[in-house]
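Student: Have a look at this prediction, sequence included:
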Amino acid sequence: MAARGAALVRSATSGRSYIFQVRRLDVVWLVFSASNAEIFVTAKVDVIVRRYVTVNGIDVNVEIVIGQIRIVFLLFGFFKRQWLLRLQNGLRCPLVAAFNAFNRLVLGQVVKTNTTFRASALGSPFSLDHGGLKSFLNWLGRAMHICESPSIGAAFATATRRCQKLLWSLTWPRIIRKAQNVMHSVQPRPASFRSQGPLRGTVKVPGDKSISHRSLMLSALAVGESQISGLLEGEDVLSTAAAMRAMGAHIERTGEGCWTVHGVGVGGLMQPASALDMGNSGTSTRLLMGLLASHRLTATFIGDASLSKRPMGRVIDPLSQMGAEFTASPGGTLPLMVRGLVPAVPIRYHLPVASAQVKSAVLLAGLNTPGITEVIEPVPTRDHSERMLRGFGADLTVEIDADGVRHIRLVGEAELKPQTIDVPGDPSSAAFPIVAALITPGSEVTVTHVGMNPTRTGIFKMLEAMGADLTYANEREVGGEPVADITARHSVLRGIEVPPEVAPSMIDEFPVFFVAACMAQGQTITSGLDELRVKESDRLALMATGLKAIGAQVEEREDGLVIQGTGGEPLEGGATINSALDHRIAMSFAVAGQHCYHPVTVDDVSPIATSFPTFEAMMHNLQVAH
């Protein structure tokens, strides 16, 4: 709803005055309680106020929208928490309107009213509709003296416009029916997994997710047309593609896994017209934060309920040193706004924790930064960014000192050249059918075209240390990345102690590794896995709880798990697992179900599509192949 005019607001605590120039007024969120409905109204303003203020003698509580994602309260007390999280995901982009201020400098203010009326929720798949909302907003504008009543329109940022009617004219049963319709539209998709004999066959897993993200980003920064084949077409990678399109790159799908990207050149990204929705992708978020930090634009990142709980502070710190400005939610989470600086400041950054995402974010920021940007990496992490930057023509060098510390130096203001990229299979995805074959008697499964980057093969090395029968064939190099076909056969596994320094090379594969450890002889000890607590979920806690539920002996420690294996005997199974919308948790327990006495049910397998859309079909084909 467009609004004009300015309001003089005096702080109730400090006495200082602020002038608010209202750009726009939007309804962005609707929250039910047992007695009424509350609506949050955002005003696009030039000044951010973070306290109680007095508006013409009236005390008003003003909050910053970026400060938090509003969790949907319990609807009449009978909806489970996970349903509410899915409802929030169904309201994807609830804060978009709050971040599109005319001058891109502000996030907005939220005025919370207790007036009971209805409104369409921004970006939702349903509508809570009807009523005299325009009259209410006219009243609000006059009461706050922020605009004249004729200046407030009634346009909603929803797919359809519907008249608004006061809530008290509607009956509670009608409200409940609408709420039930909402829950139906975002219902979880549970699935059960059980032992059905040996797994046999040859499969190809989706393209490497890390390489897929970087292929799209670097191709978008090259001058000319790049061709990508084998791209992972999961939801996370599609979020990256959508973001790069929003900033000017022309990206087109030409076939299954085949994409064409017409880049805009380093420094050529355009101001996005709206917030960048990252969905569930932490990789997209952190790498794009780095990319935008050295571009002259301002962008807001939003995501789903899971991503919005993941910390971004470790990326914000070095990028702030380079001159970018960030306004994040408490705890350094999404929603988050970044304002890039041109020219950015080259830095020499010592990684405080092993993180390929932080390293990559700094290097991507260095692309459009004059001078040399250096990242010092004490513990090696996946090096896809270094390999691909060199492949696209960037001047990047890596030196390893006497202590084994890597010094990565990138010369800025690079001119990237378009490439033809063949994305190898993701070793993280390959780990699932491989572990399933290892723990299921009589199984033999071959996974073709798997990326064998030395910084990503920790899972295979640790499985071999446990006695896994793995063979490698057709070893070759594709686009600067080593690739091989891996055959896994059922094996008698032994418990081991996993060295903490191995963790970065298999951090995403630990959930399914824990499943293998449950079927081994003896005890498996893991440590140094703090990172697993801040992934899409707290993977240590969820895996410990879920494995115990299906009969495993597991001890959860602060930074790892201790697992007593069954010696190859099946687990009991028979439980329903809370995946917390985490794709790797869901797939890991699907694998566990292959060697349990009773079926294992995963409460929702829909998140698997973020990284492995063909997972269920692949597992079914392996079961019927014999």
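Tutor: Thanks, I have it.
Student: Show the residue spans covered by the strands in the stretch 401-550 of the chain.
Tutor: 406-411, 420-422, 444-451, 469-478, 481-489, 523-525 (DSSP state E, counting those that start in this stretch).
Student: any idea which of the ones you listed is most buried?
Tutor: Of all the strands of the stretch 401-550 of the chain, strand 444-451 carries the top mean neighbour count, a mean of 22, counting by mean count of other C-beta atoms under 10 Å. C-betas here are computed from N, CA, C, even on glycine.
Student: Residues contacting that strand, please?
Tutor: 198-205, 208, 211, 230, 424-427, 430, 433-434, 436-437, 474, 478, 481-490, 622 (C-beta atoms under 8 Å, 6 or more residues apart in numbering).
Student: let's see 6 Å
Tutor: 199-200, 202-205, 208, 424-425, 427, 430, 433, 437, 481, 483, 485-489 (C-beta atoms under 6 Å, 6 or more residues apart in numbering).
Student: Using PDB, list the CA coordinates for the one helix or strand Val362 maps to.
Tutor: Using DSSP states H and E, Val362 sits within helix 356-366. The C-alpha trace of helix 356-366 is given here as PDB (Å, rounded to 0.1, in the frame of the first residue of the first chain):
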ATOM      1  CA  ALA A 356      35.100 -24.100   3.000                       C
ATOM      2  CA  GLN A 357      32.100 -21.800   2.900                       C
ATOM      3  CA  VAL A 358      33.900 -19.000   4.700                       C
ATOM      4  CA  LYS A 359      37.000 -19.400   2.600                       C
ATOM      5  CA  SER A 360      35.000 -19.300  -0.600                       C
ATOM      6  CA  ALA A 361      33.000 -16.300   0.500                       C
ATOM      7  CA  VAL A 362      36.200 -14.300   1.100                       C
ATOM      8  CA  LEU A 363      37.700 -15.400  -2.200                       C
ATOM      9  CA  LEU A 364      34.600 -14.500  -4.100                       C
ATOM     10  CA  ALA A 365      34.600 -11.100  -2.500                       C
ATOM     11  CA  GLY A 366      38.200 -10.800  -3.600                       C
END
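Student: Can you name every helix or strand that the next helix or strand along the chain from that helix contacts?
Tutor: Next along the chain after helix 356-366, taking DSSP H and E as the criterion, comes strand 372-377. With contacts taken as 3 or more C-beta pairs under 6 Å, 6 or more residues apart in numbering; DSSP states H and E, strand 372-377 sits against strand 348-350, helix 356-366, strand 406-411.
Student: So which other helices or strands are in contact with the helix or strand that strand 372-377 is followed by?
Tutor: Scanning forward in sequence from strand 372-377 by DSSP H and E, the next helix or strand is helix 384-391. Where contact means 3+ C-beta pairs under 6 Å, 6+ apart, helix 384-391 is packed against helix 209-221, strand 396-400.
Student: quick one: average pLDDT of the longest one?
Tutor: For helix 209-221, the per-residue pLDDT values average out at 97.
Student: what does it contact?
Tutor: Counting by C-beta under 6 Å, 6+ apart, 226, 228, 231-232, 237, 240-241, 244, 249, 261, 263, 266, 283, 384, 388, 392, 416, 421, 423, 426, 611 sit against helix 209-221.
Student: what are the C-alpha coordinates of it, in CSV please?
Tutor: Provided in CSV are the C-alpha atoms of helix 209-221 (Å, rounded to 0.1, in the frame of the first residue of the first chain):
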residue,chain,number,x,y,z
LYS,A,209,26.2,-29.7,-5.0
SER,A,210,29.3,-27.7,-4.1
ILE,A,211,30.5,-27.7,-7.7
SER,A,212,27.0,-26.9,-9.0
HIS,A,213,26.7,-23.8,-6.9
ARG,A,214,30.1,-22.5,-7.9
SER,A,215,29.5,-23.4,-11.6
LEU,A,216,26.5,-21.1,-11.7
MET,A,217,28.1,-18.3,-9.8
LEU,A,218,31.4,-18.2,-11.7
SER,A,219,29.7,-18.7,-15.0
ALA,A,220,27.5,-15.7,-14.2
LEU,A,221,30.6,-13.6,-13.5
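Student: angle of that helix against strand 481-489?
Tutor: 160 degrees (axes from the mean of the first three to the mean of the last three C-alpha atoms, to 10 degrees).
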